[in-house]
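J.: Please find the sequence and the predicted model below.
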Amino acid sequence: MKNYGFVRVASAVPEIRVADCRFNTEKIIGLMEEAAKQELYVTVFPELCITGYTCGDLFRQSKLLESAMESLKIILHESNKWSNIFILGIPLLLDQSLYNCAVIIQKGRIHGIVPKSNIASHNGIIESKWFRTGVNLDADYVKLFDKDVPAGVDLIFQDRDNQALQFAVEISEDMIMPIPPSSAHALNGAVIIFNLSASAELAGKKEILKNMVKSQSARCISGYVYSSAGVGESSTDMVFGGLAIISEHGTILTQNERFSSESQLIFTEIDVQKLIHDRANSTSFTGGENKSFARKIQVDSYNIRIGKMTRTIKKHPFIPADPEIFDERCREIFLIQSAGLAKRYEHTGFKKAFIGVSGGLDSTLALMVVTHAFDRLKLGRENIIAVTMPGFGTTDQTYRNAIDLMNSLQVHIREINIKDACLQHFSDIGHDPDIHDVTYENVQARERTQILMDIANKESGMVIGTGDLSELALGWCTYNGDHISMYSVNCGVPKTLVKHLVKWVALNIADKETALILERIVGTPITPELLPPSETGGISQKTEDIVGPYELHDFFLYHMVRYGAEPGKILFLAKTAFQGQYDEKTIIKWLRSFYKRFFTQQFKRSCLPDGPKIGTIGLSPRGDWCMPSDACYRIWMDELD
């Protein structure tokens, strides 16, 4: 089984006693054993965890330093049992000066020593009384246990077989420097940063630290694993809570509960493949001019196979889970759509909008955007020409949705039945109207577009497109039909988000009457209504029965376009995210359909109308997604066979 770029890492906070190296060693080894059981690649421990951070002038005692060295020797011996990598904090006397160091060990070997760069001396902390900055360490190698060991602040550790898997280390307040060591490490290839810390607790400080970890992982496009000393440290003047955080590219993946009197180990998977993809697409990481010198130290390969994921894979990646963030995100998206349309009207000088309203989600959202833009421009809603065009598949439910919505918004309503025009066209081209094939469906879509375009020409205005991002990805639109408009306000909004945006508009912008209608529309099945209704008058053509669940397609779209994930990885992620909802066979069925449609329908995206980008994923051929219309999809399909 492949790991698809996922690496399992951990932050450990051991129970300790100040200056009791023997006790601390037992607790550290206990966590190492647990890390090995959990098949963790790298586990980081807190700053000076072998002695305790709060030893004060005891750091000047030879006995403490000797005891720390004995403990390190024991830990090294025990590490022979496993292939995992451990990063521990220890005071080391190097070249006649004392340094606050991280040692990186694996299978009885010390791969390297990283001394702390930013020696803290503020707010009652006087590290400079005992330690020297690692920046001034002259030697590239130091003798430790009769072996030459690489030492310095310029070390990056590289997996022997997977050269892209690289990590680096910084210590505590190194992170708060104007240019932290981790920034240079990231530019030189480190995709995961480990921080050994001992940060005393203050009211509100946890959020500051969380934001710093998130920010640095975002800035470095990296994983960031943080471990701070726990409550076993001295409480003479300060209290230590033992904060542990694992972050990936600006997102906290997991964190612990502080102030535990027992040892803690948190772990999860970091997607290194995703980080490398984003760096490859960032100009900050593609040039050599920003790089400094770094020494790459080879470590034994990561051959651990990840079975069940511990991190959560979101089913709906376009929808924020946090209610406050979700509310703000919906507001931003709606305003982006509205502002984009308003700008286009200011530029063209047009005073009228023409929009087809079906009573479905997409046209509903588009109409709400148009009304907001016209209110902003003070153009008057009577200049919004909302056209409902009943056809062979229109049901009473969607028709009533459309009429009620247009009335509640007080826009100019027009109704044009397209049946006679379509029947005439069938006759003209010699098509039997009883044959409900793609011609039967597309004639209706193109007739509606023709009506809107001709009215817009006649009365001087713009046709507003209603199609969404998911439909563009799947090509679920009629070429030169609903695929074409003069400005497409929904082109950046995926289908799973459209429903939530309409709900948000109902709660935050619409009046009570309109809100009730919007809630009704949200509950209506997604349908193009191009085939006749059922015998009972209900909707007979449900889009998701034909193309598959939109929540799956949006999931596929997100991971393929945003991160360039291969089919096998998308399948792996989908099986994790939708466990218990869709089985593997169903996911593969719709994933194959997605790839086929995405490739074969590119010709429609190659001539898209203008429209606003609202997120990191867009399919505009003018920059967001440049793809040949005749590319082959075989190698993607082969991976799913």
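T.: Okay, I see it. Quick caveat: nothing in here was measured; it's all calculated off a predicted structure.

J.: burial measure for L472, as a count.
T.: Neighbour count of L472, defined by other Cβ atoms under 10 Å: 27. Every residue, glycine included, has its C-beta placed from N, CA and C.

J.: Next, the contact list for it, please.
T.: L472 makes contact with C491, K604, R605, L608, L619, according to Cβ atoms under 8 Å, 6 or more residues apart in numbering.

J.: Wasn't L365 part of a strand?
T.: No - read with DSSP: H, G, I helix; E, B strand; the rest coil, L365 is helix and lies in no strand.

J.: How many neighbouring residues does it have?
T.: By other Cβ under 10 Å, neighbour count at L365 equals 27.

J.: Contact partners for the spatially most central residue of the chain?
T.: When Cα atoms, centre = their mean is applied to the chain, the residue found nearest the centroid is P317 (7.0 Å). The neighbours of P317, taking Cβ under 8 Å, 6+ apart as the test, are D554, F555, Y558, H559, R562.

J.: next one: N84
T.: Contacts of N84 (Cβ under 8 Å, 6+ apart): M32, A35, A36, E39, L40, Y41, V42, T43, Q106.

J.: hang on, isn't the third one packed against I85?
T.: Think A36. No - the pair A36 and I85 does not pass the contact test of Cβ atoms under 8 Å, sitting 10.9 Å apart.

J.: Among those two, which residue is more densely surrounded?
T.: The neighbour comparison of A36 against I85 (other Cβ under 10 Å) goes to I85, with 25 against 17.

J.: quick one: the helices in the stretch 401-550 of the chain?
T.: 419-429, 438-459, 469-474, 495-508, 512-522, 543-547, 550-557 (DSSP state H, counting those that start in this stretch).

J.: how about these, which one is nearest E26?
T.: helix 550-557 (45.8 Å; Cβ to Cβ).

J.: right, and the helix or strand after that closest one?
T.: Counting by DSSP states H and E, the next helix or strand C-terminal to helix 550-557 is helix 563.

J.: can you give me the mean pLDDT across the following helix or strand past that next one?
T.: Beyond helix 563 in the direction of the C-terminus, DSSP H and E gives the next helix or strand as helix 567-577. Averaged across helix 567-577, pLDDT comes to 97.

J.: Reformat the contacts of N84 into a markdown table and put pLDDT next to each item.
T.: Listed next are the contacts of N84 as a markdown table, based on pLDDT from 0 to 100:
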| residue | pLDDT |
| --- | --- |
| M32 | 99 |
| A35 | 97 |
| A36 | 96 |
| E39 | 93 |
| L40 | 96 |
| Y41 | 96 |
| V42 | 98 |
| T43 | 99 |
| Q106 | 98 |
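
J.: Which of those fall within helices?
T.: Taking DSSP state H as the definition of helices, the contacts of N84 contribute M32, A35, A36.

J.: mind showing which ranges of the stretch 501-641 of the chain have poor pLDDT?
T.: Counting by pLDDT under 70, the stretch 501-641 of the chain has low-confidence residues at 527-530, 534-541.

J.: Run through the bridge partners of I270.
T.: Beta-bridge pairing of I270 under DSSP bridges involves V7.

J.: What of I464?
T.: Y487.

J.: Which pLDDT does the model give it?
T.: 99.

J.: Scan the chain for its longest helix.
T.: Scanning the chain for the longest helix, with DSSP H as the assignment, gives helix 323-348.

J.: in that helix, what counts as buried?
T.: Judged by neighbour count (16 or more other Cβ atoms under 10 Å), helix 323-348 contains these buried residues: 329-330, 333-338, 340-342, 344-345.

J.: Out of these, which is nearest to P532?
T.: Each of the buried residues of helix 323-348 was checked against P532 using Cβ to Cβ; the closest is Q337, at 33.5 Å.

J.: mind checking how far that closest one is from T466?
T.: As for Q337, its distance to T466 is 12 Å (criterion: Cβ to Cβ, to the nearest Å).

J.: so what sits against both of those two?
T.: By Cβ under 8 Å, 6+ apart, Q337 and T466 have these common neighbours: V489, N490.

J.: I587 against L573, yeah?
T.: No - with contact defined as Cβ under 8 Å, I587 does not count as touching L573 (9.9 Å).

J.: any idea how far T254 is from I266?
T.: 5 Å.

J.: who's in contact with N24?
T.: N24 touches P14, I16, R17, C49, I50, T51, G52, S71, counting by Cβ under 8 Å, 6+ apart.

J.: The first one against V44, yeah?
T.: So the one you mean is P14. No - counting by Cβ under 8 Å, P14 does not reach V44; the two are 11.5 Å apart.

J.: Can you report how many residues lie near the nearest residue to Q264 once chain neighbours are set aside?
T.: Nearest residue to Q264 in three dimensions, chain neighbours excluded: V13, at 4.5 Å (Cβ to Cβ, 6 or more residues apart in numbering). Residues within reach of V13, counting by other Cβ under 10 Å, total 29.

J.: any idea how far V13 is from L31?
T.: Per Cβ to Cβ, V13 is found 8 Å from L31.

J.: Then S363?
T.: The spacing between S363 and L31, counted by Cβ to Cβ, is 58 Å.

J.: that older thread, including distance to Q581, could the ones in helices among the contacts of N84 go into CSV?
T.: As requested, those are exported to CSV (distance: Cβ to Cβ, whole Å):
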residue, distance to Q581
M32, 38
A35, 32
A36, 34
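
J.: Could you name every residue contacting both of I266 and T254?
T.: I246.

J.: The two: which has the busier surroundings?
T.: Looking at I266 and T254 with other Cβ under 10 Å, you find the greater number of neighbours at I266, namely 20 against 17.

J.: Got phi/psi on that one?
T.: The phi and psi values for I266, taken as degrees, to the nearest 10, are phi -110, psi 150.

J.: And the pLDDT for it?
T.: In this prediction I266 is given a pLDDT of 99.

J.: and it, how far is that from K315?
T.: Taking Cβ to Cβ, one finds I266 at 23 Å from K315.

J.: Tabulate the CA atom coordinates of stretch 223-237 in PDB.
T.: Below are the C-alpha coordinates for stretch 223-237, written out as PDB (Å, rounded to 0.1, in the frame of the first residue of the first chain):
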ATOM      1  CA  GLY A 223       4.500  21.000   8.300                       C
ATOM      2  CA  TYR A 224       5.300  22.400  11.800                       C
ATOM      3  CA  VAL A 225       5.500  20.200  14.800                       C
ATOM      4  CA  TYR A 226       5.800  22.000  18.200                       C
ATOM      5  CA  SER A 227       6.400  20.500  21.600                       C
ATOM      6  CA  SER A 228       6.700  22.600  24.800                       C
ATOM      7  CA  ALA A 229       7.800  21.700  28.300                       C
ATOM      8  CA  GLY A 230       5.000  20.500  30.700                       C
ATOM      9  CA  VAL A 231       3.900  20.900  34.300                       C
ATOM     10  CA  GLY A 232       6.900  19.000  35.700                       C
ATOM     11  CA  GLU A 233       9.000  22.100  35.200                       C
ATOM     12  CA  SER A 234       9.700  24.300  38.200                       C
ATOM     13  CA  SER A 235       6.800  26.500  39.200                       C
ATOM     14  CA  THR A 236       9.000  28.900  41.200                       C
ATOM     15  CA  ASP A 237       8.100  31.900  39.100                       C
END
